[in-house]
Every structure is written in C-alpha cells, then in structure tokens.
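Novice: Got a sequence here, can you build the structure:
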Amino acid sequence: MPLPAVFADPEDPQLVIEAKKVALEDEEFTYTERDVILYNLGIGATERDLQWTYEGHDAFSPLPTFGVVPQFGASSGVPLGWLPNFNPAKLLHGEQYLSIKGPVPTSGTLINETRLLEVLDKGKAASVTSIVHTKDKATGKLLFENQVTVFIRGAGGFGGKRTGSDRGAATAENTPPNRQPDAVVEEKTLPSQAVLYRMGGFDQPILH
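Specialist: Predicted coordinates for the structure are as follows:
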C-alpha cells in the first residue's frame, strides 16, 4: 500500500499542518553488487566473509542494515526551512528505525516514497521525523521502511506538541534483561573502515 498523502495529527499547529501538505517527489536509488560489497566492508565484513564480499558466492547478499542506505538522499532532502530560525548547522541525526520487509536484491533500482510523519516542539529545539518506504522499481514490492528523526537546535517555540505518539516498534522501549549476557564478542574497527563506509552509499563526511 502507498503511504497516505498526509499524516494528519489533530494536535499539529498550522505551521506543521502546512508543512505536511507539501508533496515530496519520489526519489530513485540505483546500486550494483560492487556497492553492496563496499557497504559490507564498511561495516566490518572481511576477506573471510565471502557471502558478503564475493558476488559469486551462492549466499551473496547485503548485510541487513544496508536498508538505511537507499533512503538517505530522500530523507535528508525533506525541506525544513519552514521551521523558525532553522539553521542546518544545528541539525543532528537523532533516531533511525529500520524495518526490513522482504529479501533484498543484490543490485537494482529502488523508489523511495517520503512523507513528513511527526514534528515535536521541544521548546528550544524541534524534533522532526520522516518516514520513507523503499520499493523495488521493477516489482513494486516494499523492501524497507525507515523512520528518521532529526533534532534541530534553536528551531523550537512554534507551539507544537511536545510528546510524540506511539508508533509501535519504532518508539517501543527495549529494556535489556537484568542478567549477564549470553555471549561477549569484541571487534576492532579498522583504520580504513570509515572511508569504506562513506564509499558504500553515503556521500557525506563521517563524523561518528
């Protein structure tokens, strides 16, 4: 099913109501097996992990978190200039929710459908959540749902609601069990890993 045209909320002030009405264009994302390998290397796969680093392997596939990559241009392109005192230099990535809806192709062209989902007034800041559905262009099948929250310092005070709605798994508390872990694994980040990660679909400087 396509996303609704507008995620209406009776608590939204007029400023947010109008922002949610702005139609956002669908965005294409094309990737190859090489892009998948670069992404897998960027998050820690090595030459020993042929299912993630060799396209000829019978089980070759993207690692599951690859699902955050195709939507990146779509979610980061959501206009925020309607917020009071908006300054992109004060924008922080706050939360990321990813739901994988089906098997992920090892290459292809995807379509990202984006909507403004929720806007919160935190007083001295704003919290803005977008939702992106990523579909296979060839089949129309939904592959990923991302919900992306950004926090913009200095952009609050517009009279919006302060507390977010229940969005199911995206907002559920995940309280760790009060016991010792089942297992402990230590991994060392390679010096080149941030550079590889950037080449695997993120045309941005890596800050953390």
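
Novice: who does the helix or strand bottoming out on mean pLDDT in the chain touch, helix- and strand-wise?
Specialist: Every helix and strand of the chain was ranked by mean pLDDT, DSSP states H and E. The lowest is helix 193-199, at a mean of 80. With contacts taken as 3 or more Cβ pairs under 8 Å, 6 or more residues apart in numbering; DSSP states H and E, helix 193-199 sits against helix 33-42. The C-beta positions use only the backbone N, C-alpha and C, and glycine is treated the same way.

Novice: Show me what the helix it packs on is packed against.
Specialist: The contact analysis (3+ Cβ pairs under 8 Å, 6+ apart) places helix 33-42 against helix 50-53, helix 193-199.

Novice: and with 6 Å instead?
Specialist: helix 193-199 (3 or more Cβ pairs under 6 Å, 6 or more residues apart in numbering; DSSP states H and E).

Novice: Can I get the helix it packs on as CSV, trimmed to CA atoms?
Specialist: Only the C-alpha atoms of helix 193-199 are listed here, as CSV (Å, rounded to 0.1, in the frame of the first residue of the first chain):
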residue,chain,number,x,y,z
GLN,A,193,36.6,1.5,7.8
ALA,A,194,35.1,5.0,7.9
VAL,A,195,36.4,5.7,4.3
LEU,A,196,35.0,2.4,3.0
TYR,A,197,31.6,3.2,4.8
ARG,A,198,31.4,6.5,3.1
MET,A,199,32.1,4.9,-0.3
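
Novice: Kindly list the longest strand within the chain.
Specialist: Counting by DSSP state E, the longest strand found in the chain is strand 108-121.
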